[in-house]
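Trainee: Give me the fold of what follows.
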Amino acid sequence: MSATSTAPNAYARAERNALCDLLQHVGPEQPTLCEGWRTRDLAAHLVVREGRNIIVSAGITLPALSGITAKAQRKAGARPWLELIEAVRTGPPRGSVMRSEKLDGTINTIEFFVHHEDVRRAQAGWEPRALSPEFAEDLFSRLGQFGKRLVRKSTVGVVGRHTDGREVVLNDGPSPVTITGDPGEILMCLYRRDHARVTLGGDPASIATLHKALGG
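Mentor: This next block holds a predicted model:
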């Protein structure tokens, strides 16, 4: 699918398909960057996340419901591998709030980019992808929206700096840390992925504070 400015969910669809192709290629028991998850676990997570039952999917972020979500994820993960991949590729079933095209174009662009990289970068010999300028720009435009949420617990300032010099303030606090890299790499850093190719600028104490705020 061609990703253009007139199709805001085209990037989400492209990343979804690319992830599914990669899952099919590597198989169900390969490592990912998600701690404790193999590829089957990651695929099951995506199916549960997009399911009809919002109480089940809410357990992804709400600890009080995490047991319900874990049970649903184990059930989804028990499905035949190719069937599980097809469920991810097909996307949300009827009745799911995740069928919204607006949500697909916003939340899912980041979700599927990060999880695609979670599988790619867990494999031997990986290298960063050369993203199209348009896709890289789309990711950079989302940093302000998503990045601010991800660093909201930080007590120091956080700035995302594109390799072309543009900056976006993610947290307006003291002793700022600057995260410099390509947009996708900054996102991977904010999502606490050790494989992110970024440079952190700032005093060591501020950098340690940011790591702690991100859960590192």
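Trainee: ranges for the strands of this protein?
Mentor: Under the criterion DSSP state E, the chain contains strands at 158-162, 167-171, 177-181, 199-201.
Trainee: For the lowest-mean-pLDDT helix or strand in the chain, enumerate the helices and strands it packs against.
Mentor: Every helix and strand in the chain was compared by mean pLDDT, DSSP states H and E; the lowest is helix 54-58, with a mean of 86. When contacts are defined as 3 or more C-beta pairs under 8 Å, 6 or more residues apart in numbering; DSSP states H and E, helix 54-58 packs onto helix 39-49, helix 66-77. The C-beta positions use only the backbone N, C-alpha and C, and glycine is treated the same way.
Trainee: Low-confidence stretches in this structure?
Mentor: Applying pLDDT under 70 to the chain picks out residues 1-8, 216.
Trainee: Quick check: chain neighbours aside, which residue is closest to the residue nearest to the spatial centre of it?
Mentor: For the chain, the residue nearest the mean C-alpha position is Val114 (3.1 Å; C-alpha atoms, centre = their mean). Closest residue in space to Val114, ignoring its immediate chain neighbours: Tyr191 at 5.3 Å, by C-beta to C-beta, 6 or more residues apart in numbering.
Trainee: May I ask you to confirm that the one you found is in contact with Glu111?
Mentor: No: contact criterion C-beta atoms under 8 Å: Tyr191 and Glu111 do not qualify, at 10.0 Å.
Trainee: mind listing what the closest residue in space to Arg99 that isn't next to it in sequence touches?
Mentor: Nearest residue to Arg99 in three dimensions, chain neighbours excluded: Pro92, at 4.5 Å (C-beta to C-beta, 6+ apart). By C-beta atoms under 8 Å, 6 or more residues apart in numbering, Pro92 lies in contact with 50-51, 98-99.
Trainee: which one of those is nearest Asp118?
Mentor: Closest approach to Asp118 among these (C-beta to C-beta): Glu50, at 16.8 Å.
Trainee: Tell me how many other residues crowd that closest one.
Mentor: By other C-beta atoms under 10 Å, 22 other residues sit near Glu50.
Trainee: distance of it from Arg74?
Mentor: 17 Å (C-beta to C-beta, to the nearest Å).
Trainee: about what we covered before: please identify the most buried of the helices and strands packed on helix 54-58.
Mentor: Mean neighbour count, computed with mean count of other C-beta atoms under 10 Å, is highest for helix 39-49 among those, reaching a mean of 23.
Trainee: name the helices or strands packed onto that helix?
Mentor: Judged by 3+ C-beta pairs under 8 Å, 6+ apart, helix 39-49 is in contact with helix 10-26, helix 54-58, helix 66-77, helix 81-90, helix 101-120.
Trainee: Could you chop this protein up by domain?
Mentor: As assigned by automatic domain parsing, the chain contains the domains 10-120, 133-213.
Trainee: Out of the ones you listed, the one nearest Trp126 is which?
Mentor: Between the domains of the chain, domain 10-120 lies closest to Trp126; by C-beta to C-beta that is 5.4 Å.
Trainee: Could you dump the strands of the chain into TSV with mean neighbour count and distance to Val26 added?
Mentor: What follows is these, written out as TSV (neighbours: other C-beta atoms under 10 Å; distance: least, C-beta to C-beta, whole Å):
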stretch	mean neighbour count	distance to Val26
strand 158-162	21	31
strand 167-171	19	33
strand 177-181	21	26
strand 199-201	14	30
